[in-house]
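Student: generate coordinates for the sequence data below:
(one chain, ligands or ions: 2)
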Amino acid sequence: MDSLHLPPLREASGNVRLPGSKSISNRMLLLAALAEGSTEIRDLLDSDDTRVMLAALGKVGVGVTALGCNAWRVEGCDGVFPVKDADLFMGNAGTAIRPLTAALALSGGHYRLSGVPRMHERPIGDLVDGLRQIGADIRYTGKPGFPPLAIHPAHVKLATPIRLRGDVSSQFLTALLMALPLTGAEAVIEMTTELISKPYIEITLNLMARFGVKVQREGWQRFTIPAAQRYRSPGVLHVEGDASAASYFLAAGAIGGGPVRVEGVGRDSIQGDVRFADALKAMGAHIAWGGQHIEARAPESGKLKAFDLDLNHIPDAAMTLAVAALFADGRCVLRNIASWRVKETDRIAAMATELRKLGASVEEGTDYIAVSPAPTLVSNAAIDTYDDHRMAMCFALAALGGVPVTINDPYCVNKTFPDYFDALAEITAPVIAIDGPSASGKGTVAERVAAALGYHYLDSGSLYRLTALAAVRAGVALDDEVGVAELAAGLPASFVGGRILLSDDDVTDAIRTEEISAGASKVAALPTVRAALLARQRAYRRFPGLVADGRDMASVVFPDAAAKVFLTASAEARAERRYKQLIAKGMPANMHALLQDLQERDARDAQRSVAPLKQCDDAVLVDTTPLGIDEAVAAVMAIVKRQSL
Ligand SMILES: O=C(O)C1=C[C@@H](OP(=O)(O)O)[C@@H](O)[C@H](O)C1
Ligand SMILES: C=C(OP(=O)(O)O)C(=O)O
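Tutor: Ligands and ions are numbered 1, 2, ... in the order given. Got it, this is the predicted structure:
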């Protein structure tokens, strides 16, 4: 079994760009497939749940083309799927199997739908009952009430309202609403029970309207789709960031200090899960809203407040609150969440079992869970994830309690967020920033400290060297700021087993020549080049931690680094080290010229307008003039230990 060992995390801050919303992505794909005309969908979620939808649409004859950067073109089939016989695998995607079942049942073909074993335990009976009322021919090929299903051509009639239960999943109503316009007749749906997860119906109605189909509704009781409406492509659409995924990062900000900003959803979102931010606010967190972003910070006291909330409107994000409850000042109650029992796993049972491993007392009911946190979290808990992406994602937050946590089977996050742990690391993984002038020995020290801690290592200077080399090779002048920045933004660089590659070319030695060293110092003075390399440097922040060396690691790139070191030595000592290195390599060297060159470079680095080399107030000075390399490493390790890393 794969496991991810998370280190104790001390704080969370930074920005996260969210992947596209799962609920919006799969709805847009189906609506675009059923529409007349071609639709370009931008920022589609790339994950297991959308891949099964894309594959299924392809199999029933819909043209789907990847345009790159998560943009897709869907050639609408104007309500008639071209392929009339297909086997479709739906994984564990509720947003794929339920709406497709309804659309295929009205499509006059032979289709067989199946999924992973858990999908065959997730109910679909209420939807099948609703579709059978209008004559659809759907048969259970496994257990009655559950997938797998076989669909056959049928004569569909809409004489009377469809009576539908809404208390198990709102996806059944979503499925009927999206499919019924295919009949061309007026269709009425009457709910026979309370409807759960209502905001997901708002998403459905909103997106149907964008494709030109209006639904009239009387409260949450009765929905009427007027006759003769057809889906028409709106042209280009954009998927907003996933609000359920936002919950993990917002909670991280509320627990781990913050501020953490999620980009891609905000005040203007059509997803109900943005209301998770209100629940965090009720816990005392500071929340700031923008049109396209939300930001969360911990309360001044550092302690979150206990809550007792009905969370029926945000069933997915509510799981994050159950883990946030570990950090509250008392017993927290999550109510009206019975649907948790029929999702990727029995989430009430799974949540109770795993929260107890962290020391919480948990009371579990048919439709609620109450969490009483322990004063301190249990260290080294091994969390089982039950093939449920949200179990893996929300339990990773427990490490913010300053304890190591193991997440078993972490790749279940692929269902909706394949890069989740990288995104979380970018705002939480510990960073040791080592800055200093040229030839201070910071590279060697940083590499050895990284090896001793088992951390990743970023030699940020090499990115500037690579940029200079790429510019020289491409014939771009080193003072052509825009040209060099463009190269920096798309640098085809990779670091493989101690070697540095530019495309497929090993340039480990080529970037160390005096010409490229001087060139690197020149391009590093260009603000646009520095900006172009910023995100790339931050992406090196990974679990279990990062040692980064350079000139502005502590001041600009990782201002929230857990430990900051300014490593220096006198210019004479550094010139002498460089001299010995060159001689040892059998290269010509002149002590006087080397000293002069270093002094010039120091002056350029210290005087440049952007990110000049300077010791930050919160950095510890290590002067290596009298030290050998082992002593310098020991000095830095002592600083790191003081931060309990
Ligand atoms: O329609 C949707 O996009 C969804 C509806 C919700 O399910 P239920 O209606 O079953 O609660 C939610 O849990 C699911 O992740 C996505
Ligand atoms: C319940 C979920 O998924 P599905 O769309 O498969 O229902 C979920 O993502 O939490």
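
Student: residue 389 versus residue 409, what's the distance?
Tutor: Distance of residue 409 to residue 389, given as C-beta to C-beta, to the nearest Å: 10 Å. The way it works is simple: take the backbone N, C-alpha and C, and place the C-beta from them, glycine included.

Student: neighbour count for the two, which is higher?
Tutor: residue 389 (27 against 18; other C-beta atoms under 10 Å).

Student: ok, which stretches of the stretch 501-645 of the chain are strands?
Tutor: Assigned by DSSP state E, counting those that start in this stretch, the stretch 501-645 of the chain shows strands spanning 505-506, 546-550, 563-568, 620-623.

Student: tabulate these (a markdown table), appending distance to ligand 2.
Tutor: Output for the strands of the stretch 501-645 of the chain, formatted as a markdown table (distance: least, C-beta to the nearest ligand atom, whole Å):
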| stretch | distance to ligand 2 |
| --- | --- |
| strand 505-506 | 43 |
| strand 546-550 | 31 |
| strand 563-568 | 38 |
| strand 620-623 | 45 |
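
Student: between the ones you listed, which one is nearest to residue 234?
Tutor: Set against residue 234 and scored by C-beta to C-beta, the strands of the stretch 501-645 of the chain come closest in strand 546-550, at 43.2 Å.

Student: the closest one: how far from the chain's middle?
Tutor: Strand 546-550 sits 23 Å away from the centroid of its parent chain (C-alpha atoms, centre = their mean, to the nearest Å).

Student: pairing partners for that strand, with directions?
Tutor: Strand pairing for strand 546-550, using DSSP bridges, gives strand 431-435 (parallel), strand 456-459 (parallel).

Student: what ranges of this protein fall below the confidence cut-off?
Tutor: Scanning the chain for pLDDT under 70 picks out nothing.

Student: what distance do you get for the residue of the chain found nearest ligand 2 to residue 26?
Tutor: Nearest to ligand 2 in the chain, going by C-beta to the nearest ligand atom, is residue 94, at a distance of 2.6 Å. Taking C-beta to C-beta as the measure, residue 94 falls 9 Å from residue 26.

Student: same check, this time on residue 615
Tutor: For residue 615 relative to residue 26 (C-beta to C-beta), the value is 52 Å.

Student: so who does the residue of the stretch 1-150 of the chain found nearest ligand 1 touch?
Tutor: Closest residue of the stretch 1-150 of the chain to ligand 1, C-beta to the nearest ligand atom: residue 23 (3.2 Å). Residues counted as contacts of residue 23 (C-beta atoms under 8 Å, 6 or more residues apart in numbering) are 95, 200, 203, 271.

Student: please list which of these are also close to ligand 1.
Tutor: 95, 200 (C-beta under 6 Å from any ligand atom).

Student: tell me the centre residue of this protein?
Tutor: residue 420 (4.2 Å; C-alpha atoms, centre = their mean).

Student: please report how far it lies from residue 399.
Tutor: Counting by C-beta to C-beta - residue 420 and residue 399 are separated by 14 Å.

Student: one more: residue 254?
Tutor: 15 Å.

Student: neighbours of residue 488, how many?
Tutor: That count, for residue 488 with other C-beta under 10 Å as the rule, works out to 25.

Student: just to be sure, it is in a strand?
Tutor: No. Assessed by DSSP: H, G, I helix; E, B strand; the rest coil, residue 488 does not belong to a strand; its assignment is helix.

Student: give me the angle between the longest helix anywhere in the chain and strand 563-568.
Tutor: In the chain, assigned by DSSP state H, the helix with the most residues is helix 591-607. Counting by axes from the mean of the first three to the mean of the last three C-alpha atoms, to 10 degrees, helix 591-607 lies at 140 degrees to strand 563-568.

Student: what's the closest non-adjacent residue to residue 154?
Tutor: residue 137 (3.9 Å; C-beta to C-beta, 6 or more residues apart in numbering).

Student: equivalent analysis for residue 153, please.
Tutor: residue 108 (4.4 Å).

Student: so who does the one you found touch?
Tutor: 84, 153, 154.

Student: in space, what's closest to the first one - neighbours in sequence excluded?
Tutor: Of all residues beyond its chain neighbours, the one nearest residue 84 is residue 109 (3.7 Å), with distances taken as C-beta to C-beta, 6+ apart.

Student: having no further points to raise, I will conclude here.
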